[in-house]
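Undergrad: sharing a model that was predicted from the sequence below.
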Amino acid sequence: MGLERKKTLEDHLYLKDKFGKPNILTVSYDKIMNAARSRSIWYLTFGIACCAIEMMATGGSHYDLDRFGMFFRATPRQADLIIISGTITRKYAPVVQRVYMQMAEPRYVLAMGSCAITGGPFYDSYNVVQGIDKVIPVDVYVQGCPARPEALYCGLLKLKEIINRDSIVKKPVIVK
Amino acid sequence: MEVKQYNFKAVDNDKVISLLQDKFKSVGTSEGNFSLNHGQIYCEVSKETIKNTIKMLKNDKDLKFDYIKCITGVDYKEYLEIVYSLYSFDNNYSVNIKVRIDAANPDVDSITDVFWSADWFEREIWEFFGINFKGHPNLKTLLLPGDVDYHPLLKSFEIKWEKREYVRPKVFE
Ligand code: SF4
């Protein structure tokens, strides 16, 4: 059907023939919302240390996260997900916290690599925070030093499952 | 515009040392205790004369040490030491000036008004070794958070578990 052309009675009859019934989809609100949200996870352009290189490789054309509907967004206001990809120093932790607070809800956090989970190789240091979960709540942990793109995939697909469990009826449980 | 050519010049360390010794004598800043180690020229000067020495090395017409590569702090337990690494682009040689500093009362003159790029080096040494740079315009922490009360690169420093805990700001309580 051309966009310019006015719809004629024949067109409507054609559609009616095609679907057999009026064009209505009956589905629960949660299901369709979650289907849309979990297929368009936009994550923040935010790399911290060596794990960020692996994150960039995942977003690049070889591993191609775009086919899952995931893109880098350059502003926290439009991002659903923040991937913590590296070592968090004590000086930097408040900055991460601030970026996280600027994201609109519902927001998700993925801790990538052993640095973001426990401090990793720098655990016994005077200036490294032992895990980003001491600063902001984390949804998915992906281990590795650095985590391979396949592992990051696995984490992001886990996040998709988490999003599919969400509901508008019940408030999401925030684990402190 | 004329493009300046930098040709490779072979450096004769002994000649550089004798030249430096002459300069030190003529200016009279410090005697200078020279040594050669792994092809690098080291020179120990006293704490009081360090600023004048560096100023002389920079402004001298023959030496032209116009670039400060690095300033390093060292902890020898009995005393502290600062190593200033200077480089001359025109002559293709470098010199390392060492200053010995009392561990009990660590302070030294800042050289920020000679080399402006010494600013961050000195801030770093100040926070990691606790050496106070007199006359520095902006002595605050560079890599550590502002509330630290310890100097982590000193040999006497020990990590305490309480110190490593991340304290959540009020927003998250
Ligand atoms: S986990 Fe390993 S690769 Fe990742 S930021 Fe830490 S040190 Fe780098």
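TA: Cool, got the structure. It should be emphasised that the depicted structure is a prediction, and the values quoted were computed from it without experimental measurement. Residues are numbered from 1 along each chain as shown, chains lettered A, B, ... in the order given.
Undergrad: give me the three-state assignment for A:Tyr100.
TA: Counting by DSSP: H, G, I helix; E, B strand; the rest coil, the backbone at A:Tyr100 sits in helix.
Undergrad: and for it, the neighbour number?
TA: When neighbours are counted by other Cβ atoms under 10 Å in any protein chain shown, A:Tyr100 registers 21. In this view, the C-beta of every residue, glycine as well, is placed from N, C-alpha and C.
Undergrad: against B:Ile111, how distant is it?
TA: Distance of A:Tyr100 to B:Ile111, given as Cβ to Cβ, to the nearest Å: 41 Å.
Undergrad: just B:Lys155 next, same as before
TA: The gap separating B:Lys155 from B:Ile111 is 25 Å, by Cβ to Cβ.
Undergrad: cool, and A:Asn127?
TA: A:Asn127 is 27 Å from B:Ile111, by Cβ to Cβ.
Undergrad: and what of B:Ser26?
TA: Where B:Ile111 is concerned, B:Ser26 sits at a distance of 21 Å (Cβ to Cβ).
Undergrad: out of these two, which sits in the more crowded spot?
TA: Set side by side, B:Ser26 and B:Ile111 show more neighbours around B:Ile111, with 25 against 10, by other Cβ under 10 Å.
Undergrad: so which residues on chain A come close to chain B?
TA: Contact residues (Cβ under 8 Å from any Cβ of the partner chain) of chain A with chain B: A:89-91, A:93-94, A:97, A:101, A:124-130, A:134-136.
Undergrad: ok, of the residues you listed, which come out buried?
TA: Applying 16 or more other Cβ atoms under 10 Å in any protein chain shown to those, the neighbour count classes A:89-91, A:93, A:97, A:125-130, A:134-136 as buried.
Undergrad: can you tell me which two in these are farthest apart?
TA: A:Tyr126 and A:Ile136 (21.9 Å; Cβ to Cβ).
Undergrad: and the helices in chain A?
TA: With DSSP state H as the criterion, chain A has helices at A:9-19, A:29-38, A:51-59, A:93-102, A:113-118, A:149-165.
Undergrad: of these, which shows the lowest average pLDDT?
TA: In terms of mean pLDDT, the lowest-scoring of the helices of chain A is helix A:9-19 (a mean of 68).
Undergrad: returning to what we had before: most packed of the helices of chain A?
TA: helix A:113-118 (a mean of 25; mean count of other Cβ atoms under 10 Å in any protein chain shown).
Undergrad: can you tell me what sits against it?
TA: A:48-51, A:84-88, A:111, A:120-122, A:128, A:130-133, A:141-147 (Cβ atoms under 8 Å, 6 or more residues apart in numbering or on different chains).
Undergrad: give me the subset of the residues you listed lying in strands.
TA: Secondary structure from DSSP state E places A:84-85, A:111, A:141-142 of these in strands.
Undergrad: could I get the contacting residues of B:Glu44?
TA: Contacts of B:Glu44 (Cβ under 8 Å, 6+ apart): B:32-33, B:35, B:97-100.
Undergrad: selection in ChimeraX covering whichever of the contacts of helix A:113-118 are buried, please.
TA: To isolate the buried subset of the contacts of helix A:113-118 in ChimeraX, counting by 16+ other Cβ under 10 Å, use the following:
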select /A:48,49,51,84,85,86,87,88,111,120,122,128,130,131,132,133,141,142,144,146,147
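Undergrad: so which of the contacts of helix A:113-118 also contact the ligand?
TA: A:49-51, A:86-87, A:120-121, A:145-146 (Cβ under 6 Å from any ligand atom).
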